[in-house]
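**Q** Test case, fold it:
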Amino acid sequence: MQVIEDPDDPRLDDYRHLTDGAARRAIESDRAPNGIFVAEGLPALDQLLASSHGLRSVLVSPARATSLRERLAGIGPVMVAERAVLAAVTGFDVHRGVLAAADRPEPTDAAALLSSSRRLLVLEAVNDNENVGALFRNAAAMGLDAVILDHACTDPLYRRSIRVSSGWTLRIPFARTGSIATTLQLAAEHGIRSIALSPAVDGVDVDRAAAEGLLDEPFALVVGAEGPGLTATTIANCDLSVRVPMASGVDSLNVATAMAVVSAFAAARRGRA
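**A** Predicted structure coming up:
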């Protein structure tokens, strides 16, 4: 392990300005052919080490260096710095005491995911990092194969998205699409039923949809941003719209919660996650 005492040490450059969006975009885009990303916390580190992403380094506090000594054995480079040094470099108190930097992979083609998956999640303009992270975590829990995001969605490899997903944004294949409409058309060509998730009253109740086999695979669950939800055009381009019945006076669920409910009905229907 390399002990680092100087916040200006160039070995820490991957970890600078983690709370400054503009500065991070510049750093992450310049430091490798496809860019880099930083994961925070032990669950994210474990998922990173289990993934195919190229690890650049691990940065831990002295306490974590001691408690994780066996787990970090054989991994390199591992750097150790006091929390005050970590805060000076990153811009916040790294109380979890674990950071890791990795190379971004080459972008995946959305058409390739459509041709190789039977249970997909499609995101339209979901620009909240925590919602994206929660959607990936739920997708993993419910046995979905892949995620496709449009370019208005936030970055699944943003530090907060990774953390909220418990590292699953590092494990579930995902791709960007320039057009949700084109993606849904390709899905139809592959025999994949597209299912819009919307609280609109004209949608099919999720229990009825499951009972009638409308949630049987192959399927693509299509979700929109918190608040505005899916656009009318996207809903119209889907094969059907499914809703989760709610108590009077409640207009909607969090997008990740709604996706989990519908996915759970689909999983129960097929008898497994």
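**Q** which outside residues touch stretch 46-54?
**A** Counting by CB atoms under 8 Å, 6 or more residues apart in numbering, stretch 46-54 makes contact with 39, 55, 75, 100, 102-105, 166-168, 170-171, all of which sit outside it. To be clear about C-beta, it is placed using only N, CA and C from the backbone, and glycine gets the same treatment.
**Q** Repeat the analysis, applying 6 Å as the threshold.
**A** Taking contacts as CB atoms under 6 Å, 6 or more residues apart in numbering, the residues outside stretch 46-54 that touch it are 39, 100, 102, 103, 167, 170, 171.
**Q** quick one: buried residues of that stretch?
**A** For stretch 46-54, the buried set under the neighbour-count rule, 16 or more other CB atoms under 10 Å, comprises 46, 47, 48, 49, 51, 53.
**Q** ok, back up a step: Throw the contacts of stretch 46-54 into JSON lines and include distance to residue 131, secondary structure and pLDDT, thanks.
**A** As requested, those are exported to JSON lines (distance: CB to CB, whole Å; DSSP: H, G, I helix; E, B strand; the rest coil; pLDDT from 0 to 100):
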{"residue": "39", "distance to residue 131": "18", "secondary structure": "strand", "pLDDT": "97"}
{"residue": "100", "distance to residue 131": "23", "secondary structure": "strand", "pLDDT": "98"}
{"residue": "102", "distance to residue 131": "23", "secondary structure": "strand", "pLDDT": "98"}
{"residue": "103", "distance to residue 131": "26", "secondary structure": "strand", "pLDDT": "97"}
{"residue": "167", "distance to residue 131": "17", "secondary structure": "coil", "pLDDT": "97"}
{"residue": "170", "distance to residue 131": "17", "secondary structure": "helix", "pLDDT": "98"}
{"residue": "171", "distance to residue 131": "18", "secondary structure": "coil", "pLDDT": "97"}
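**Q** neighbour-wise, which of those residues leads?
**A** Neighbour tally across these (other CB atoms under 10 Å): the maximum, 28 neighbours, falls on residue 39.
**Q** Can you give me the distance of that residue to residue 23?
**A** Separation of residue 39 from residue 23 (CB to CB, to the nearest Å) stands at 18 Å.
**Q** Note down every partner strand of the helix or strand residue 222 falls within and its orientation.
**A** Using DSSP states H and E, residue 222 maps to strand 219-224. According to DSSP bridges, the neighbouring strands of strand 219-224, each with its direction, are strand 119-124 (parallel), strand 193-197 (parallel).
**Q** Next one: the nearest residue to residue 127 once chain neighbours are set aside relative to residue 59, how far apart?
**A** The spatially closest residue to residue 127, leaving aside those adjacent along the chain, is residue 154, at 5.0 Å (CB to CB, 6 or more residues apart in numbering). With distances taken as CB to CB, residue 154 is found 24 Å from residue 59.
**Q** Neighbour count: the two, which is higher?
**A** Each of residue 154 and residue 59 had its neighbours counted (other CB under 10 Å), and the higher figure belongs to residue 59 (29 against 20).
**Q** Would you double-check that that one falls in a helix?
**A** No. Assessed by DSSP: H, G, I helix; E, B strand; the rest coil, residue 59 does not belong to a helix; its assignment is strand.
**Q** quick one: pLDDT of it?
**A** Per-residue confidence at residue 59 stands at 98 (pLDDT).
**Q** tell me the contacts of it?
**A** Applying CB under 6 Å, 6+ apart to residue 59 gives the contacts 15, 79, 99.
**Q** Quickly note the distance from the first one to residue 166.
**A** Summarising the geometry, the distance separating residue 15 from residue 166, computed by CB to CB, is 21 Å.
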